[in-house]
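S.K.: Here is a sequence with its predicted model. Questions after.
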Amino acid sequence: MIDVAIIGAGIAGLACARRLAATGRSSVLFDKGRGIGGRVATRRVNGLHFDHGAQYVTAQGQGFAGVLEKLAQSGAAATWVTGTGRAVTVGTPGMSALARGLAMGLDVRQNAFVTAISPDTGGWLVRINETEYRAARVVVTLPASQAADILGVDHPLTAPLVSVRIEPCLTLMAAVAAPAPFVTRNDPDDPLAWIAQDSSKPGRPSGDTVAWVAQAGPSFSERHLESDSATIVTLMLPLLCDRLGIAGDQVRHAAAHRWRYARVTAALGQPFLRSADATLYLAGDWCLGARVEAAWASGTAAAEDLLGQTP
């Protein structure tokens with residue numbers, strides 16, 4: 001019997017497991033991906049690093065600030081000065097280093113696709129791929145709509161999820177053999193709402209080729225969400241070339257990624273949801289807002305509440 005099964009090894013799930021571990025409670029994190037961290041992600045191609053999800057993190061509260069300080073002390077995080085002169089925190093040598101730092105010492109099982117959870121005597125049955133696990137408690141840290149799919153329309157925790165809204169985001173990763181005209185460009189009214197010179201971040205590989213990440217705005221992303229990766233590249237790359245003032249033949253690599261659940265626009269408004277018997281929790285950034293810190297705060301709050309229940 002697993003004490004606490006955590007579904008999803010993004011920042012919320014990792015924060016929950018980290019808080020439980022600090023008190024000696026065990027947990028197992030299950031994640032469907034080959035990597036962990038959710039949108040705190042890095043892709044490595046041809047010696048370059050592309051942070052194709054969250055670009056950086058900041059801390060408004062002391063709790064998360066302390067987490068970032070510890071990650072910096074371990075070498076997993078550093079300060080990056082954006083094009084506007086703002087100092088923010090990034091993972092080193094990629095954003096995914098933040099997740100790996102949080103996961104140190106935790107039981108994380110990857111390529112574990114959760115298909116169903118159901119009540120069981122003394123807890124829950126969690127179906128992972130073709131195997132069932134028994135758990136005394138379950139914390140689901142998936143996007144709201146995916147959590148609703150697992151629980152089913154009739155579950156009492158599903159109804160509050162209807163009000164949550166999360167926008168998609170299409171991301172372009174490009175390696176360019178040309179001087180960089182800027183560090184970052186942020187224009188919410190442009191189809192490419194955010195452009196970042198990832199090569200300018202600390203700990204990234206240096207050379208003649210510059211790594212760029214461009215993220216489309218919500219309207220563009222929604223309109224082309226169901227396009228395949230090749231089509232997304234075809235749509236976004238000419239826009240990036242125009243913004244950088246380069247020719248297409250200066251692009252050495254280009255790829256796209258689709259984030260179906262990227263930015264929370266209507267949050268739940270509370271740190272987590274839980275069942276009446278406190279054996280099932282739902283947590284994630286969608287509970288509190290569109291920040292990495294919101295995911296951490298939600299997962300931590302769920303863990304704190306769980307610790308306050310009868311063991």
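M.R.: Okay, I see it.

S.K.: least trustworthy helix or strand in this protein by mean pLDDT?
M.R.: The helix or strand of the chain with the poorest confidence is strand 114-120; it has a mean of 90 (mean pLDDT, DSSP states H and E).

S.K.: State the paired neighbours of it in the sheet, together with their directions.
M.R.: Strand 114-120 has the following strand partners under DSSP bridges: strand 123-128 (antiparallel).

S.K.: so how far is the partner strand from its chain's centroid?
M.R.: In terms of C-alpha atoms, centre = their mean, to the nearest Å, the centre of strand 123-128 is found 24 Å from the chain centre.

S.K.: same question for that strand, mean pLDDT?
M.R.: Mean pLDDT, strand 123-128: 93.

S.K.: quick one: the strands in the stretch 51-200 of the chain?
M.R.: Along the stretch 51-200 of the chain, counting by DSSP state E, counting those that start in this stretch, strands occupy 77-81, 87-91, 107-109, 114-120, 123-128, 131-140, 165-176, 184-186, 192-197.

S.K.: about what we covered before: tell me the angle the least confident helix or strand of the chain makes with strand 131-140.
M.R.: Interaxial angle, strand 114-120 versus strand 131-140 (axes from the mean of the first three to the mean of the last three C-alpha atoms, to 10 degrees): 80 degrees.

S.K.: Which residues outside strand 114-120 are in contact with it?
M.R.: With contacts defined as C-beta atoms under 8 Å, 6 or more residues apart in numbering, strand 114-120 is touched by 7, 30, 32, 124-129, 134, 138, 140, 150-151, 280. To be clear about C-beta, it is placed using only N, CA and C from the backbone, and glycine gets the same treatment.

S.K.: follow-up on the earlier one: tell me the most buried of the strands of the stretch 51-200 of the chain?
M.R.: Most buried of the strands of the stretch 51-200 of the chain by mean neighbour count (mean count of other C-beta atoms under 10 Å) is strand 165-176; its value is a mean of 23.

S.K.: That one packs against which elements?
M.R.: Of the remaining helices and strands, those touching strand 165-176 by 3 or more C-beta pairs under 8 Å, 6 or more residues apart in numbering; DSSP states H and E are strand 43-45, strand 210-216, helix 218-223, helix 229-244, strand 251-266.

S.K.: Send me that strand as CSV with only the CA atoms.
M.R.: Only the C-alpha atoms of strand 165-176 are listed here, as CSV (Å, rounded to 0.1, in the frame of the first residue of the first chain):
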residue,chain,number,x,y,z
ARG,A,165,-9.8,28.4,-17.7
ILE,A,166,-6.4,27.6,-19.1
GLU,A,167,-5.1,29.0,-22.4
PRO,A,168,-2.9,27.0,-24.8
CYS,A,169,0.5,28.1,-26.1
LEU,A,170,2.4,27.2,-29.2
THR,A,171,6.2,27.4,-28.9
LEU,A,172,8.8,27.6,-31.6
MET,A,173,12.4,26.7,-31.0
ALA,A,174,15.0,27.9,-33.5
ALA,A,175,18.8,27.8,-33.8
VAL,A,176,20.0,30.8,-35.8
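
S.K.: and it, average pLDDT?
M.R.: On average, strand 165-176 scores 98.

S.K.: the inter-axis angle of it versus strand 210-216?
M.R.: Using the same axes, to 10 degrees: strand 165-176 against strand 210-216 is 150 degrees.

S.K.: what pairs with strand 165-176, and is each one parallel or antiparallel?
M.R.: strand 210-216 (antiparallel), strand 251-266 (antiparallel).

S.K.: now those strands in TSV, with mean pLDDT and mean neighbour count?
M.R.: Compiled in TSV, those are given as follows (pLDDT from 0 to 100; neighbours: other C-beta atoms under 10 Å):
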stretch	mean pLDDT	mean neighbour count
strand 210-216	98	25
strand 251-266	97	18
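
S.K.: Out of these, flag the one nearest Gln146.
M.R.: Of all these, the one in closest proximity to Gln146, counting by C-beta to C-beta, is strand 251-266 (7.6 Å).

S.K.: Show me the shaky parts of the stretch 201-311 of the chain.
M.R.: The model of the stretch 201-311 of the chain has pLDDT under 70 over residues 310-311.

S.K.: Quick one: neighbours of Gly35, just the number.
M.R.: When neighbours are counted by other C-beta atoms under 10 Å, Gly35 registers 15.

S.K.: element containing it?
M.R.: For Gly35, there is no helix or strand it lies in under DSSP states H and E.

S.K.: Isn't it up against Ala97?
M.R.: No. With contact defined as C-beta atoms under 8 Å, Gly35 does not reach Ala97; the gap is 11.3 Å.
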